[in-house]
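Trainee: what follows is a predicted structure for the sequence shown.
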Amino acid sequence: MQITRITLHQPVRLLRLVTDEGLEGHCTGITASSAGVERVAPTLLGTNPLDRERTWWVLRDLDEGLPSALRAGIDVALWDLSAKIAGRPLFRHLGGFRDRVPVCRVGTAEGTTGAAGASTGAAGASGPEIVKEAKDAQRAGFKAYRFGAMADEHTLVHLMREVRVAAGPDFPLIFDGRARCEVDESIRIGKALDEEDYFYFDRPRPSNDHTGGKQVAGEIDTPTSVEVSSPIEASRVMTVQSADQIRTSVQSAGGITDVLKAARCAEAFGAYCHLDGAGICDGFAHAHLAGALRNTPFLEMSGQEVAPPFVLNPVQIEDGFVHLPDSPGLGMEIDLETAGDMTSELIEA
């Protein structure tokens, strides 16, 4: 079997890798130029889709590199195709840990500090709305709630305590510092999170501040996480202990392969690898990864994700879980006729 054609539908952002035996690998959410597609064509066309690791290394080492989103889309489509060839759902093809994944509700209310110190959002959100989101997430059956807020330290600590009261003592809560807190501020916030028994402190420091990150992680009991965009970055964080856990995504890392390598690195240190949001491929890629990785505790979703009309079976949340498809590959049911009708530019190589 060989890959004979690369097709990218725009503006619907559907990438297809077509083989000489009629099987296709898909990834949605991909934007690329015709020049980008032409550049990867010599690497992909005529190759066996099962030589995925070799292709990953070649694309990774291309001069000047490729946009991470395009490389990620190709890698996802190759995994989809190889799992279809094997006749297995992707999460089982990747190793198989569970066929339903607990969902962490990602907060949509973004609080900022108003002139009088009240928490108000850029889009009208407020501290009480964040508290309500947490309570609603717990009542709706979500398995955790992650939120962040642009507020002063005093307001943040008060909000953390209110969210804990609203969600109850046993509901996992994650506070996202968005890598903007100073070291001493992060430590004080972290000690407040200790008191309220938060699940982890997400991104208290920028990813390149290994010294500050290590200081914060060493001063508080609540686990900290940092964002990484490659397996090498993951190994650096774990080695110098600048965070207790890592956060990444298929799109920012450059593919499912990159996330797997980073996650296995974290697992060797007994650490979690968190996936940032629903991710590209309309949630399917991250869902299958979460189904394969024991050290990924949740799939993060806002509950407001909308798949394009040509995806006939969008990822659904039921009682706080996403049930993974049983069909081979990603399990995405693509209506190619609808995708074709929505296509104004067809890039092919």
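Mentor: On my side now, so go ahead. Since the model is a prediction, treat every value here as computed from it, not as a measurement. Residues are numbered from 1 along each chain as shown.

Trainee: what helix or strand is residue 343 located in?
Mentor: Following DSSP states H and E, one finds residue 343 outside all helices and strands.

Trainee: okay, it and residue 38: tell me how far apart.
Mentor: Going from residue 343 to residue 38 by Cβ to Cβ, to the nearest Å gives 18 Å. (Glycine included, C-beta is placed from N, CA and C.)

Trainee: same question, residue 253
Mentor: In terms of Cβ to Cβ, residue 253 sits 24 Å off from residue 38.

Trainee: residues of whatever helix or strand residue 57 lives in that come out buried?
Mentor: Using DSSP H and E, the element containing residue 57 is helix 52-60. Applying a neighbour-count criterion of 16 or more other Cβ atoms under 10 Å, one finds 52, 55, 56, 59, 60 buried in helix 52-60.

Trainee: over to stretch 219-227?
Mentor: Under 16+ other Cβ under 10 Å, the buried positions of stretch 219-227 are 219, 220, 222, 223, 224, 225, 226, 227.

Trainee: quick one: contacts for the last one?
Mentor: When contacts are counted by Cβ atoms under 8 Å, 6 or more residues apart in numbering, residue 227 is found next to 179, 203, 207, 246, 247, 248, 252, 276.

Trainee: and the third one, how many residues sit next to it?
Mentor: When neighbours are counted by other Cβ atoms under 10 Å, residue 207 registers 19.

Trainee: ok, it touching residue 234?
Mentor: No: counting by Cβ atoms under 8 Å, residue 207 stays clear of residue 234, with 10.6 Å between them.

Trainee: which neighbours do those two share?
Mentor: Here residue 207 and residue 234 share the contacting residues residue 228, scored by Cβ under 8 Å, 6+ apart.

Trainee: would you mind measuring from residue 98 to residue 259?
Mentor: Applying Cβ to Cβ, the value for residue 98 to residue 259 is 17 Å.

Trainee: tell me which of those two has more neighbours.
Mentor: residue 259 (30 against 14).

Trainee: contacts only, for the more buried one.
Mentor: Residues near residue 259 by Cβ under 8 Å, 6+ apart: 248, 249, 250, 253, 273, 275, 289.

Trainee: can you pull the pLDDT of residue 40?
Mentor: Per-residue confidence (pLDDT) for residue 40: 90.
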